[in-house]
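Colleague: Okay, here's the prediction I keep looking at, along with the sequence it came from:
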Amino acid sequence: MKLAVVGTGYVGLVTGTCFADSGNEVICVDNDPEKLRVLEEGGIPIYEPGLKELVDWNRAQLRLSFTDDLAAAVQRSDVIFIAVGTPQAADGSPDLSSLWSVVDGIADAMSEPRIIVIKSTVPVGTTAAVERRLAERAKCSFEVASNPEFLKEGAAIDDFVRPDRVVLGVRKPEVAEVLRQLYAPFLRTDRPFLVMSPESSEMTKYVANAMLATKISFINEMANLCERVGADVNEVRRGIGHDQRIGFAFLFPGVGYGGSCLPKDVRALSAVARSAGIEPHILDAVDRVNEAQKRVLWEKIKRHFGDGLAGRTLAIWGLSFKPRTDDLREAPSLMLINLLLDAGAKLRVHDPVAIPNARRRYGELLIYCDLPYGALEQADALAIVTEWNEFRNPDFELMRRLMRQPVVFDGRNLYEPEQMARHGFWYYSIGRRTIKPVEP
Ligand code: NAD
């Protein structure tokens, strides 16, 4: 099949590349000249494990190309995927301006019937609104489908080629058949292809993300409570997780969720609820708990050091909103960095892949360290914000020698409190007690 994917970001580039890899001819469209330049020169504008090899291979096989020419891509493609960003607008609702400019561009360029598939996360009713807009503007017939994406950054290719499910919202069975054929190579192990109305499909994406965010905020609230009453949230997690109605997945306490999806999607669903006349009590609480949780390390740091943070050096391990991505959008690290900078602290930061993005954002305000131990030199404390695998088994003796003071604020519960006390650290984690360190 000949496909166009408009918007070559985390979702569009993975979608286009995986469809090319299953034999389709794919043209990826973007309006960011810098992104296109990097791709044309054989680079990858984002960090996503395994993506470069797949892009290189499919470009070499002439199945994958990049352009800024939307009209040409529309004219030569049977199916057009829209995967542009839908960031949060000032009022909490999603900003759909990129989507509308692409829809208008498609309408003007279409001279033969096309299937337009909305992969961007959009509020319920958007597919219907796109149908109306195209009906007013296009000169030929068209079909519009909703096909939300569930991939996770850091595991995006695997998620795309082995999805838990594919959700498709369509009005006509024949459109579903075209998409079923396109997804068939990824559904060979009986993964469900769920066909429903566009409205249900649009809601499915938001409800899935709202449920995930709710789990995180719930366990974070419970962790804070455990800490206050002398319980250990890890033990409680084990105690509840064996109940199959609850399970273990997505119930890790931490510094709150971030990224380009959960925060904005929870707020977008709240906005949808409000405009439908429903007060979104749970969604609002999930968001509020999360915003507070992003300050949890800061509160612990302030309690430990009192007001004397000016002139102190803090090391930070992990900047991206989660491991295996360079994405800093709404990352909890940003809140911590901003609070510490305002308090006059000097920050030595390390992240395996997100340093270039951090440098673009903070310039000379931070000291960037290529290696985790480098960040610890003469640090008064270490704050761990992202659970990159390489932080799990460090050399604690070396850490203590490098640091000015043996203090660790662990936002991801990577270590055991007893183990840290034995190594002589003041160790603060989430939902667990701090044990007085053993003198070396
Ligand atoms: P992104 O910001 O990484 O990519 C969007 C791309 O669209 C950018 O490259 C941008 O230059 C391009 N673009 C914007 N306007 C354009 C236009 N008029 N013409 C051509 N290109 C244009 O965003 P993303 O993270 O890939 O997310 C895209 C959508 O998918 C969003 O709605 C998001 O909520 C959803 N989503 C994201 C993820 C994720 O993990 N990132 C997962 C599932 C769903």
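Modeller: Looks like it came in fine. Computed from a predicted structure; not experimentally measured. Numbers count the residues shown, from 1 in each chain.
Colleague: what pLDDT, on average, does the helix or strand that contains Glu291 get?
Modeller: Under the criterion DSSP states H and E, the helix or strand holding Glu291 is helix 281-293. Per-residue pLDDT values across helix 281-293 average out to 98.
Colleague: For it, buried residues please.
Modeller: Leu283, Val286, Asp287, Val289, Asn290, Gln293 (16 or more other CB atoms under 10 Å). Backbone N, C-alpha and C define where each C-beta goes, glycine included.
Colleague: and it, what other elements does it pack with?
Modeller: helix 198-229, helix 262-275 (3 or more CB pairs under 8 Å, 6 or more residues apart in numbering; DSSP states H and E).
Colleague: in the protein, which residue is closest to the centre?
Modeller: In the chain, the C-alpha nearest the mean C-alpha coordinate belongs to Gly259, at 3.8 Å (CA atoms, centre = their mean).
Colleague: right, and that one touches Leu334 too?
Modeller: No - counting by CB atoms under 8 Å, Gly259 does not reach Leu334; the two are 11.6 Å apart.
Colleague: Give me the distance between Ile82 and Leu414.
Modeller: Ile82 is 39 Å from Leu414, where distance means CB to CB, to the nearest Å.
Colleague: Show me which of the two is the more surrounded one.
Modeller: Ile82 (25 against 19; other CB atoms under 10 Å).
Colleague: List the contacts of the more buried one.
Modeller: Val6, Gly7, Leu99, Val102, Val103, Ile116, Val117, Ile118, Lys119, Ser120 (CB atoms under 8 Å, 6 or more residues apart in numbering).
Colleague: can you give me the helices for the stretch 1-150 of the chain?
Modeller: Taking DSSP state H, counting those that start in this stretch, the helices of the stretch 1-150 of the chain run over residues 10-21, 33-40, 51-60, 70-75, 97-109, 126-137.
Colleague: Of those helices, flag the one that's most buried.
Modeller: Compared across the helices of the stretch 1-150 of the chain, helix 10-21 shows the largest average neighbour count, a mean of 26 (mean count of other CB atoms under 10 Å).
Colleague: that older thread, quick one, phi psi at the residue nearest to the centre of the chain?
Modeller: Dihedral angles of Gly259 (phi, psi; degrees, to the nearest 10) stand at phi 90, psi 180.
Colleague: Grab the nearest non-local neighbour of it.
Modeller: Closest residue to Gly259 in three dimensions, ignoring its sequence neighbours and counting by CB to CB, 6 or more residues apart in numbering: Phe321, at 4.3 Å.
Colleague: so what's that neighbour up against?
Modeller: Tyr257, Gly258, Gly259, Asp327, Leu328, Arg329, Glu330, Ala331, Pro332, Ser333, Thr386.
Colleague: ok, which residues in the stretch 251-400 of the chain are in contact with the ligand?
Modeller: Residues of the stretch 251-400 of the chain that fall close to the ligand, judged by CB under 6 Å from any ligand atom: Ser260, Cys261.
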